[in-house]
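K.L.:
fold the following for me, if possible:
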Amino acid sequence: MAKHASIPLLIAVCLLVALGLTMLASTGYFVEEGGGEDYFTLRKQLVGLALGTVGCIFFALLDYNVLLRWRWYLFAIATVALAVIYIPGVGVKINGATRWLSFGGVRLQPSELAKIALAISLAAWFSIHELKTKTFWHGFVLPSAIAILIVGLIGGEVDLGNALLAALIAAGIMFVAGTRLFYLALTGALIAGALAAAVKYTPNRWQRILAVYDLEKYKDTWGLQQWVSKLAIGSGGIEGQGLGASRMKLYYLPEAHTDFVFPILGEELGLYGTAGAVLMFVLIVITGMCISSYAPNRFGKLLGFAITLMLGLEALLNMGVTTALLPNKGLPLPFVSYGSSSLIAAMVAVGILINIHRQGVHLTRDELPVIRKNRRWTPQL
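P.N.:
Prediction:
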C-alpha cells in the first residue's frame, strides 16, 4: 500500500470535498450570508476549492525539503499574520471573536495556515537538532517556545479549538521526535494550565463545558447547538431522511453549514453517510502515516506525521463536538465544512503529503536485503 498511498489519499480527499459541496448546496441555501443571495456560500466555497487545488498542486510539485530552508520565513509570516489581528480596526470580528483578516472582501483566517507553519518549524527543528533531542534546552525549552508563541497568539483570539489543536500537534511532534517523557509531562502541565486559565477568564467557556454533561438542562442556552445536533443525527437513523430533507438546518441548528455540518450529514444520509465520512478520514490517517514512514529523511517523516495528525485530530475533535462528547470548540470538519481558509489549508497539507510520497523510498521484494536464517546450534563433542 505504501508505494501507491497517494492514490487512496486523493480518492478519500476528493470524496470528502464532493460530500462537502453537496452538503453545502443542501444547507447553504438557507444561510443569510451574502444578503440572502441563493447559494452564495457554495460559490465562495468553489472559489476556495480552486485556490486550494492550485496550492495542492504547487506543494505536490515543490520539493518539500525547500520548506526546511523556508521554515523561519514561514514561521515569521504566520506570527505576523496572527499578531496583526490584534491591531484595532484590522481584525474582522464575527460572532464575538476576532480571528479573520479581510482583503478586498475576502476573509482569511491566519490560524489555519499557522498550524502548518508550526508543523514545518518543529519538524525542521528536530531534524536539524536530532542529536540534541534528549537535552533539556534543544529538546524541550526552545521547541516549546516556538509552539507557545503560535498557540498563545491563536488562543488570544478566543479560538481555543485551534489553540488546543496546535498544542496537540506540537506535543505529538515532540513525542515522536524523542523528547524525554518527563519534559513532555511538563509540556502537558503547561498546556493544561493555559487551557484552565483560558476557560476561567474567557466568557462562556465554562458554561460550554457544563453543557456537555447536562444537555437537557442547557438545551435552550449554551447546549443548544449540541442538543439540536444530537436530534439531527438521531432522526437520520440508518438510511437518513434523504438528501436535502433536513429539518434542523431550517434555522434550528446554528452554523449548520460550517462547524455543525456533520449532524446534517447524519440527518440526510443517515449512518451510511456518517460512517462513510469517518472511513474516509481513517483512510487519510492510514495513508498519511504510511507516507511519513517511507519518507527519505527525518524532516519528511516528522512533517508527514504532523500534517496527518493535524487532519486526523481536527476531524476527530469536530465529530466529538457535534456528537456532544466534547465541549463546543468551533473547529470545522476538514474538506467538508464551509470555510475557504480551512479548505485551502487542508488542500495545501495534502499537497505536501503527496510530495513526500513522490520522494519516498519504496523498495521491491527483490531489492530488500536478504536475511539469512540462523542455523541451529549443535554442541561440539
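K.L.:
what about the strands in the chain?
P.N.:
92-94, 97-103, 106-108 (DSSP state E).
K.L.:
turn the ones you listed into TSV, including mean pLDDT.
P.N.:
What follows is these, written out as TSV (pLDDT from 0 to 100):
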stretch	mean pLDDT
strand 92-94	74
strand 97-103	77
strand 106-108	79
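K.L.:
what's the closest of those to residue 258?
P.N.:
Closest to residue 258 of the strands of the chain, according to C-beta to C-beta: strand 92-94, at 10.8 Å. Bear in mind the C-beta positions are built from the backbone N, C-alpha and C, glycine included.
K.L.:
residue 348 versus residue 317, what's the distance?
P.N.:
20 Å (C-beta to C-beta, to the nearest Å).
K.L.:
tell me what the longest helix seen in the chain is packed against?
P.N.:
The residue-count maximum for a helix in the chain (DSSP state H) belongs to helix 261-293. Counting contacts by 3 or more C-beta pairs under 8 Å, 6 or more residues apart in numbering; DSSP states H and E, helix 261-293 packs against helix 6-27, helix 224-236, helix 298-322, helix 340-358.
K.L.:
residue 130: neighbour count?
P.N.:
Neighbours of residue 130 under the rule other C-beta atoms under 10 Å: 14.
K.L.:
can you give me every residue that contacts the nearest residue to residue 110 once chain neighbours are set aside?
P.N.:
Take residue 110 and drop its neighbours on the chain: the residue closest to it by C-beta to C-beta, 6 or more residues apart in numbering is residue 81, 3.8 Å away. Taking C-beta atoms under 8 Å, 6 or more residues apart in numbering as the criterion, residue 81 is in contact with 101, 110, 113-114.
K.L.:
out of those residues, which sit inside helices?
P.N.:
Mapping the contacts of residue 81 onto helices (DSSP H) picks out 110, 113-114.
K.L.:
tally of neighbours for residue 336?
P.N.:
By the criterion of other C-beta under 10 Å, residue 336 has 28 neighbours.
K.L.:
confidence score at it?
P.N.:
Model confidence at residue 336, given as pLDDT, is 95.
K.L.:
can you pull the contacts of the residue lying closest to it once chain neighbours are set aside?
P.N.:
In space, and not counting its chain neighbours, residue 336 is closest to residue 20: 3.8 Å by C-beta to C-beta, 6+ apart. Residues counted as contacts of residue 20 (C-beta under 8 Å, 6+ apart) are 45, 261, 333, 335-338, 343.
K.L.:
could you measure from residue 20 over to residue 323?
P.N.:
Residue 20 sits at a distance of 18 Å from residue 323 (criterion: C-beta to C-beta).
K.L.:
now residue 259
P.N.:
13 Å.
K.L.:
which one's more surrounded, the two?
P.N.:
For residue 259 versus residue 323, the count of surrounding residues by other C-beta under 10 Å is larger for residue 259: 23 against 16.
K.L.:
give me the phi and psi for the more buried one.
P.N.:
When read as degrees, to the nearest 10, the backbone of residue 259 gives phi -70, psi -30.
K.L.:
confirm for me that it is in contact with residue 336.
P.N.:
No - with contact defined as C-beta atoms under 8 Å, residue 259 does not reach residue 336; the gap is 10.6 Å.
K.L.:
residues of the longest helix of the chain that come out buried?
P.N.:
Buried residues in helix 261-293, counted by 16 or more other C-beta atoms under 10 Å: 261-270, 273-274, 277, 280-281, 283-292.
K.L.:
now do stretch 94-111
P.N.:
For stretch 94-111, by 16+ other C-beta under 10 Å, it's 98-101, 108-111.
K.L.:
distance check, the residue nearest to residue 336 against residue 175.
P.N.:
Noted for residue 20: a distance of 31 Å to residue 175, by C-beta to C-beta.
K.L.:
what sits closest to residue 278 if chain neighbours are left out?
P.N.:
Counting by C-beta to C-beta, 6+ apart, residue 278 lies nearest to residue 319, which is 7.3 Å off, once chain neighbours are set aside.
K.L.:
tell me which of the contacts of residue 20 fall in helices.
P.N.:
45, 261, 343.
K.L.:
OK, contacts around the last one?
P.N.:
This means residue 343. Taking C-beta under 8 Å, 6+ apart, we find residue 343 in contact with 17, 20, 45, 48-49, 52, 335.
K.L.:
give me that answer again for 7 Å
P.N.:
45, 48-49, 52, 335 (C-beta atoms under 7 Å, 6 or more residues apart in numbering).
K.L.:
select only the buried ones of those in ChimeraX?
P.N.:
Typed into ChimeraX, the next command selects the buried ones out of the contacts of residue 343 (criterion: 16+ other C-beta under 10 Å):
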select :45,48,49,52,335
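K.L.:
and of the contacts of residue 343, the nearest to residue 25?
P.N.:
Using C-beta to C-beta, residue 45 is the member of the contacts of residue 343 that lies nearest residue 25, at 9.4 Å.
K.L.:
out of everything not next to it in sequence, what's closest to residue 324?
P.N.:
Nearest residue to residue 324 in three dimensions, chain neighbours excluded: residue 226, at 4.2 Å (C-beta to C-beta, 6+ apart).
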